[in-house]
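> with the sequence up front, the predicted model follows.
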Amino acid sequence: MKLVFLGPPGAGKGTLASLAKDAFGVVHISTGDIFRANIKNGTPLGLKVKAILDSGGLVSDETTIEIVKDRLMQADCKAGYLLDGFPRTVVQAEALATFEKLDSVVNFVLDENVIVSRLSGRRVCKACGTGFHLTAMPPQKPGTCDKCGGELIQRKDDEASSIQERLRVYAAQTEPLIHWYRTKGLLKDIDASPQPTEVLKELKKVLG
Ligand code: AP5
Ligand code: MG
């Protein structure tokens, strides 16, 4: 199965992808995770994109498309993949269509006030990247990852000023993709407000 998870920042794409990848036996590819790993490791790409991610802007289409194209050529993608956070512009979607044929695009639908509370309450493990939420999905021990015992931190782009910029960029650049994919008959809307296990059940239903 070749899938795209589309939706505003904080809608739960990453949380659902980590459940869906095992349920569907596909590889989870998050462009945001790829950029953050490069920043953490201080690679040339990481140095180039750090300020962009921190402020909530978008990395250039050219750079992002090249990374995804290379990643999709790797052998583990043959059995299927789930793209989380790509494409994010019409240019990226057009490029993807030239080298891949998608089965479905899942559109995560969520109210803006819930989005903001999910983003501002998100904490991620500094060591393994597992995501938590201060109230909705709290860790067993405050500030500590349930999985690996690592320290939980707040993403720089989850600070208030970057959240507003990400929502603005989403509305201007990414939201038009909803219409773009709908006209191609690929779009499946999903209510992202219930608990993750409920959203997964719904996802299995809509994807058949
Ligand atoms: P990226 O990492 O993709 O960020 P994003 O789209 O802003 O999405 P998030 O990761 O913030 O949200 P999510 O939907 O994954 O939500 P999550 O599951 O964590 O991209 C980061 C940056 O990289 C971009 O700003 C850009 O600079 C760059 N970039 C990436 N891709 C690019 C591209 N294609 N082109 C150009 N630039 C690109 O959940 C959020 C919170 O809610 C968590 O705390 C979680 O615990 C909680 N939660 C999740 N689901 C539920 C639920 N069902 N109920 C209750 N709480 C929930
Ligand atoms: Mg994410």
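That came through fine. Ligands and ions are numbered 1, 2, ... in the order given.
> residues near residue 51, how many?
9 (other C-beta atoms under 10 Å). All C-beta atoms are positioned from the backbone trio N, CA, C, and that covers glycine.
> from residue 119, how far out is it?
According to C-beta to C-beta, to the nearest Å, residue 51 and residue 119 sit 19 Å apart.
> now the helices for the protein?
Taking DSSP state H as the test, the helices found in the chain are 13-24, 31-41, 44-55, 61-72, 90-99, 112-120, 160-169, 176-183, 196-206.
> now for these, which one comes closest to ligand 1?
With C-beta to the nearest ligand atom, the closest approach to ligand 1 among the helices of the chain belongs to helix 31-41: 1.9 Å.
> show me the contact partners of the closest one.
Applying C-beta atoms under 8 Å, 6 or more residues apart in numbering, the external contacts of helix 31-41 come out as 14, 45-47, 49-50, 53, 59, 64, 67-68, 71, 83-86, 88, 129.
> cool, and stretch 87-107?
1-7, 31, 58, 61, 64-65, 68-69, 72, 83, 86, 173-174, 176-178, 180-181, 186-190, 203, 206-207.
> quick check, that stretch touching ligand 1?
Yes - using C-beta under 6 Å from any ligand atom, we find that stretch 87-107 touches ligand 1 at 87-88, 92.
> where does that stretch sit relative to the chain's centre, distance-wise?
14 Å (C-alpha atoms, centre = their mean, to the nearest Å).
> over to that stretch now: how far is its first residue from its last?
12 Å (C-alpha to C-alpha, to the nearest Å).
> list the buried residues in it.
87-89, 92-93, 95-96, 102, 104-107 (16 or more other C-beta atoms under 10 Å).
> quick one on the thing from earlier: the contacts of stretch 87-107, buried ones only, as a PyMOL selection?
Selection of buried members from the contacts of stretch 87-107 for PyMOL, criterion 16+ other C-beta under 10 Å:
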select buried, resi 2+3+4+5+6+7+31+58+61+64+65+68+72+83+86+173+174+177+178+180+181+186+187+188+190+203+207
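> out of the contacts of stretch 87-107, which touch ligand 1?
31, 58, 64, 86.
> is it true that the last one touches residue 4?
It refers to residue 86. Yes - between residue 86 and residue 4 a contact is recorded at 7.4 Å, counting by C-beta atoms under 8 Å.
> what's near enough to touch the residue located most distally from the centre of the chain?
Distance to the chain centre peaks in the chain at residue 141, reaching 25.8 Å (criterion: C-alpha atoms, centre = their mean). If you count contacts by C-beta under 8 Å, 6+ apart, residue 141 has none.
> list buried residues within the contacts of helix 31-41.
14, 45-46, 49-50, 53, 59, 64, 67-68, 71, 83-86, 88, 129.
> what's the neighbour count on residue 22?
9.
> retrieve the pLDDT associated with it.
On pLDDT, residue 22 comes in at 94.
> distance of it from residue 128?
Distance from residue 22 to residue 128, by C-beta to C-beta: 16 Å.
> same question for residue 43.
19 Å.
> likewise for residue 102?
29 Å.
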